[in-house]
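1. Output the structure for:
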Amino acid sequence: MSSTRQRMTGVQGRADLHIHTMASDGTAGVAQVLARAEEVGLDVIAITDHDRIDAAKAAQAMAVRANLRVQVIIGEEISTLQGHLLGLFLEERVRPLRSMRRTIAEIHEQGGIAIPAHPLFPHPLCAQAGTLRAVSTDRDPACRPDALEVFNPTIFGTLPRARVQRLAKELGLPGVGSSDAHVLEAIGRVYTTFPGRTATALRRAITSGTVRPGRGEDHTLLESPAIFARQMLRNLIGLGQDLRGVTRPVWTFGGERHGRDLGYPGSHKRPLRHK
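-> Okay, the predicted model is just below:
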């Protein structure tokens, strides 16, 4: 169906643009994430692990091979010096720990979309108003963000939400909603609506300002510590796998090194590679 026909018939897709896997601080593997996205009826998802894109690349390839309904965007949650930034539609990993201005420009250099994540929460991981105003009015359009995450159900997004929405309006930035999922149950809990059903249509909607944050529910006071506990358990399991991998070559007289399972086929092998 053409994009014009989609707009005429009011077809609205649903996208979750902020999902983590075991490759960073999530608790589920790529196959589980894909299955959950299909189960909840999402059209597009972005895998946005912290400062890496290997699981996102694997997820995209796996979704295509399995002919899944859901389309996968290669994304990354990048640690900048002024807070976390979502890079979407990436080809290559973006290096962390540089200014937000430079990081946005590098995302755009490879044809990506830049969206500050969970802004305004009083924490070093969250961009503050001064930074967002500066980049949004930068004299170089390549250094300006494309949208703002205005609905994030975690504690980082709940408290400052009204201020974030006002700031997005002030800066003329489209607002998106994302689950910031670290556990399977959170995937699709918050989402973005857009005209169409494909990743291409989503990209067009972000750049044209026709995206909208969908409905969703915030994490409860009980859910947040429970999710954190599951993340810590996952990290302990991964640490044990890493320690076994360090000693394995000694036992096998130089055999192949293994590390923690990052949640996609072949991810336990070192150096990393995905199928």
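2. buried residues in the helix with the most length in the chain?
-> In the chain, assigned by DSSP state H, the helix with the most residues is helix 223-251. Across helix 223-251, burial judged by 16 or more other CB atoms under 10 Å covers 223, 227, 231, 234, 241, 245. (C-beta placed from N, C-alpha, C; glycine too.)
3. For those, give me CSV that also has distance to residue 98 and pLDDT.
-> As requested, the buried residues of helix 223-251 are exported to CSV (distance: CB to CB, whole Å; pLDDT from 0 to 100):
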residue, distance to residue 98, pLDDT
223, 33, 92
227, 29, 95
231, 26, 95
234, 28, 94
241, 31, 89
245, 31, 76
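4. Of these, which is the nearest to residue 142?
-> If you rank those by distance to residue 142 using CB to CB, residue 231 comes first, at 34.9 Å.
5. quick one: the residue nearest to the closest one when sequence neighbours are not counted and residue 216, what's the gap?
-> In this structure, residue 231 finds its nearest non-sequential neighbour in residue 25, 5.5 Å apart by CB to CB, 6 or more residues apart in numbering. From residue 25 across to residue 216, the span is 21 Å (CB to CB, to the nearest Å).
6. before we move on, the earlier item: tell me which element the residue nearest to residue 231 falls in.
-> If you go by DSSP states H and E, residue 25 is not part of any helix or strand.
7. Convert the C-alpha atoms of the helix or strand residue 62 falls within to CSV, please.
-> Using DSSP H and E, residue 62 falls within helix 54-65. Extracted as CSV, the C-alpha positions of helix 54-65 are listed here (Å, rounded to 0.1, in the frame of the first residue of the first chain):
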residue,chain,number,x,y,z
ASP,A,54,25.8,-6.0,17.8
ALA,A,55,22.6,-7.3,19.3
ALA,A,56,20.5,-4.9,17.2
LYS,A,57,22.3,-6.1,14.0
ALA,A,58,21.6,-9.7,15.0
ALA,A,59,17.9,-8.9,15.7
GLN,A,60,17.4,-7.2,12.4
ALA,A,61,18.9,-10.2,10.5
MET,A,62,16.9,-12.7,12.6
ALA,A,63,13.7,-10.9,12.0
VAL,A,64,14.3,-10.8,8.2
ARG,A,65,15.3,-14.5,8.1
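8. just checking, what packs against that helix?
-> For helix 54-65, the packing partners by 3 or more CB pairs under 8 Å, 6 or more residues apart in numbering; DSSP states H and E come out as helix 30-39, strand 44-47, strand 71-74.
9. name the helices or strands packed onto the second one?
-> Here strand 44-47 touches strand 12-19, helix 30-39, helix 54-65, strand 71-74, going by 3+ CB pairs under 8 Å, 6+ apart.
10. so where is this protein shaky, pLDDT-wise?
-> Counting by pLDDT under 70, the chain contains low-confidence residues at 1-9, 246-255, 273-275.
11. one more time with 80, if that's ok
-> Scanning the chain for pLDDT under 80 picks out the ranges 1-10, 245-257, 271-275.
12. How are the strands of it distributed by residue range?
-> 12-19, 44-47, 71-74, 76-80, 83-88, 113-116, 148-151, 175-177, 192-195, 212-213, 257-258, 269-270 (DSSP state E).
13. OK, contacts around the closest residue to residue 262 other than its chain neighbours?
-> Taking CB to CB, 6+ apart as the measure, residue 262 lies nearest to residue 23, with 4.3 Å between them; neighbours along the chain are not counted. By CB atoms under 8 Å, 6 or more residues apart in numbering, the residues touching residue 23 are 49, 52, 54, 55, 262, 263, 264, 267.
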